[in-house]
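Visitor: structure, please.
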Amino acid sequence: MNITFVLYNAYGMGGTVRTVATTANMLVAQGHQVELISLRQTSDTPFFSFAKEIRLRPLFNARKPKSRLEQLARKVTRHPRVHQPSRLISREEDFYRWTNTTIDRRLKRALQKTSADVVVGTLPSLNALIAEYVPKSVIRIGQEHKDYSDHAQGLRERIERTYPSLDAVMVLTRHEQQTYEAFARKVYRVPNVLERFPEATDPANKAVIMAGRFAPEKQTAQGIDAFFRVAPEFPDWRLIIYGSGRERKLLKQKVEAEGNPNVEMRGRASDMFEAFREGSVFLLPSRHESFGMSLLEAMACGLSAVSYDCIGPSELIEDGQSGRIVPQGDLGAMADALRVLMQDEELRKRTGEAARKRVADYTVEASGEQWRTILRELEEQKQTETDTGRRSGRG
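Guide: Model (predicted):
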């Protein structure tokens with residue numbers, strides 16, 4: 001089949017892009033043709049690896065000009081629509097400020113003229129536009145990478161208004177599956193998966209690791225504070241932080257103000273499995289986490305995880321067995337959970353082994369079989385609808 005994914009920025013770093021890369025590479029391996037439509041292109045090459053057979057189709061060049069001449073040429077040649085805010089993307093979307101009516105026009109045309117058999121959206125506004133503009137003869141799928149309750153009210157209203165027109169919706173957790181079944185035609189739980197199953201880390205490692213975007217909902221500062229609370233008791237332990245985002249400067253200032261040399265901010269990591277090899281504990285202080293790709297990878301590496309209570313982590317972690325779930329926003333409880341793990345290597349070993357067993361089935365192979373089943377079901381459903389329409393026309 002010819003399958004097209006539509007996403008905001010295929011060249012960026014983030015859980016959604018990583019998941020799309022894993023899925024797209026898997027589908028190519030199954031013999032499908034895959035295209036990625038990216039609203040923006042922010043670099044020459046994608047951060048994540050895509051199979052060479054995958055066609056990348058950016059709609060808007062947002063790369064930094066490499067010279068003053070290129071900068072001037074871009075100002076001259078760009079249409080005034082570049083400076084007009086999008087009319088198709090909901091204002092409540094996190095990426096709204098980076099869209100414009102040039103992207104609107106190109107995206108609308110791409111959806112209307114698609115030659116794909118299947119079109120998959122990855123964000124509510126994109127899913128809504130797929131429902132509206134992609135021909136009904138095409139299988140139209142909307143993926144949800146956030147919890148329904150995390151969306152702003154305006155987005156939730158658009159979701160409930162447009163998703164019934166999609167052929168299927170894919171969500172990450174059982175909780176979200178129940179939510180979307182209230183108004184969507186078909187809802188599939190398709191969790192994120194591991195690209196490969198890594199070797200276990202050494203539970204004797206004395207490092208706590210955090211990884212993710214530096215954004216308000218990730219509450220990275222609270223994770224740092226939890227480590228600071230216990231750090232005096234464990235002077236030989238480090239906190240290693242991977243990630244990037246708009247809060248990086250503030251977080252760096254926070255770390256420098258504390259003056260603890262055992263806290264390291266390392267930026268992005270292209271291979272988190274390799275990054276996790278230094279640690280034995282993973283810390284996740286997010287306010288919202290629809291699934292937690294970094295958590296999945298950390299557990300696969302055998303790290304003992306401590307997370308605030310939110311939907312994704314609560315479905316992955318068995319509290320007290322494969323990690324710890326503590327009440328949302330309870331910094332004291334998070335620090336206490338860290339303390340218990342940091343002082344007991346044998347506990348870290350048991351918890352890490354349980355974590356690896358817990359996520360052992362989240363594999364590309366399992367996801368591949370699930371995608372085969374879903375595509376077959378939706379293809380049969382679409383054929384039945386087509387046949388019914390033809391009979392009705394003759395009648």
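Visitor: please make it C-alpha for all contacts and neighbour counts, starting now.
Guide: Noted.
Visitor: tell me where the stretch 51-200 of the chain has helices.
Guide: Assigned by DSSP state H, counting those that start in this stretch, the helices in the stretch 51-200 of the chain fall at 68-77, 101-112, 124-133, 153-162, 174-180.
Visitor: can you tell which of the ones you listed is closest to Ser294?
Guide: Ranking these by proximity to Ser294 (C-alpha to C-alpha) places helix 174-180 first, at 19.2 Å.
Visitor: other SSEs contacting that closest one?
Guide: The contact analysis (3 or more C-alpha pairs under 8 Å, 6 or more residues apart in numbering; DSSP states H and E) places helix 174-180 against strand 187-189.
Visitor: please redo it, this time with the cut-off set to 10 Å
Guide: Counting contacts by 3 or more C-alpha pairs under 10 Å, 6 or more residues apart in numbering; DSSP states H and E, helix 174-180 packs against strand 168-171, strand 187-189, helix 311-316.
Visitor: tell me the most buried of the ones you listed?
Guide: Most buried of the helices and strands packed on helix 174-180 by mean neighbour count (mean count of other C-alpha atoms under 10 Å) is strand 168-171; its value is a mean of 23.
Visitor: thought Asp319 was touching Pro327?
Guide: No. Contact criterion C-alpha atoms under 10 Å: Asp319 and Pro327 do not qualify, at 11.5 Å.
Visitor: those two: which is more packed in?
Guide: Asp319 (17 against 13; other C-alpha atoms under 10 Å).
Visitor: which non-adjacent residue is nearest the more buried one?
Guide: Excluding its sequence neighbours, the residue lying closest to Asp319 (C-alpha to C-alpha, 6 or more residues apart in numbering) is Ile325, at 5.5 Å.
Visitor: before we move on, which element is the one you found in?
Guide: According to DSSP states H and E, Ile325 maps onto strand 323-326.
Visitor: for that strand, what is the average pLDDT?
Guide: The average pLDDT for strand 323-326 rounds to 97.
Visitor: same question for stretch 83-99.
Guide: Rounded mean pLDDT across stretch 83-99 is 93.
Visitor: what's next to it, contact-wise?
Guide: Residues outside stretch 83-99 that contact it (C-alpha atoms under 10 Å, 6 or more residues apart in numbering) are 8-9, 39-40, 60, 62, 82, 100-105, 107-108, 123-126, 128-129, 151-156, 158.
Visitor: now the buried members of these.
Guide: 8-9, 39-40, 60, 82, 100-104, 107-108, 123-126, 128-129, 151, 155 (16 or more other C-alpha atoms under 10 Å).
Visitor: okay, now the domains of the protein?
Guide: Annotated domains of the chain cover 2-193+364-394, 207-358 [automatic domain parsing].
Visitor: put together a markdown table for these, with distance to Ala200 on each row.
Guide: A markdown table is the format used below for the domains of the chain (distance: least, C-alpha to C-alpha, whole Å):
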| stretch | distance to Ala200 |
| --- | --- |
| domain 2-193+364-394 | 17 |
| domain 207-358 | 5 |
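Visitor: of those, which is nearest Glu199?
Guide: With C-alpha to C-alpha as the measure, domain 207-358 is the member of the domains of the chain nearest Glu199 (6.2 Å).
Visitor: residue contacts, the closest residue to Glu318 other than its chain neighbours?
Guide: The shortest distance from Glu318 to any non-neighbouring residue, by C-alpha to C-alpha, 6+ apart, is to Arg324 (7.4 Å). Taking C-alpha under 10 Å, 6+ apart, we find Arg324 in contact with 283, 304-309, 313-314, 317-318, 334, 337-338, 341, 351.
Visitor: kindly recompute the last result at 8 Å.
Guide: Contacts here follow C-alpha atoms under 8 Å, 6 or more residues apart in numbering; on that basis Arg324 touches Ser304, Ala305, Val306, Ser307, Ile317, Glu318, Ala337.
Visitor: cool, Ala269 as well?
Guide: Applying C-alpha under 8 Å, 6+ apart, the residues near Ala269 are Tyr242, Gly243, Ala275.
Visitor: report the buried members of those residues.
Guide: By neighbour count, with 16+ other C-alpha under 10 Å, those hold Tyr242, Gly243 as buried.
Visitor: what number of residues lie near Glu160?
Guide: Neighbours of Glu160 using other C-alpha under 10 Å come to 15.
Visitor: what segments of the stretch 201-350 of the chain are helices?
Guide: Going by DSSP H, counting those that start in this stretch, the stretch 201-350 of the chain shows helices at 220-230, 248-258, 272-276, 293-300, 311-316, 331-342, 345-358.
Visitor: for the last one, list the C-alpha coordinates in PDB.
Guide: Taking C-alpha atoms only, helix 345-358 is exported to PDB below (Å, rounded to 0.1, in the frame of the first residue of the first chain):
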ATOM      1  CA  GLU A 345      21.700  -1.600  44.700                       C
ATOM      2  CA  GLU A 346      19.900  -4.900  45.200                       C
ATOM      3  CA  LEU A 347      16.500  -3.200  45.000                       C
ATOM      4  CA  ARG A 348      17.600  -1.400  41.800                       C
ATOM      5  CA  LYS A 349      18.600  -4.800  40.300                       C
ATOM      6  CA  ARG A 350      15.300  -6.400  41.100                       C
ATOM      7  CA  THR A 351      13.200  -3.400  39.900                       C
ATOM      8  CA  GLY A 352      15.300  -3.100  36.800                       C
ATOM      9  CA  GLU A 353      14.800  -6.700  35.900                       C
ATOM     10  CA  ALA A 354      11.100  -6.400  36.500                       C
ATOM     11  CA  ALA A 355      11.000  -3.300  34.300                       C
ATOM     12  CA  ARG A 356      12.700  -5.200  31.400                       C
ATOM     13  CA  LYS A 357      10.200  -8.000  31.600                       C
ATOM     14  CA  ARG A 358       7.300  -5.500  31.700                       C
END
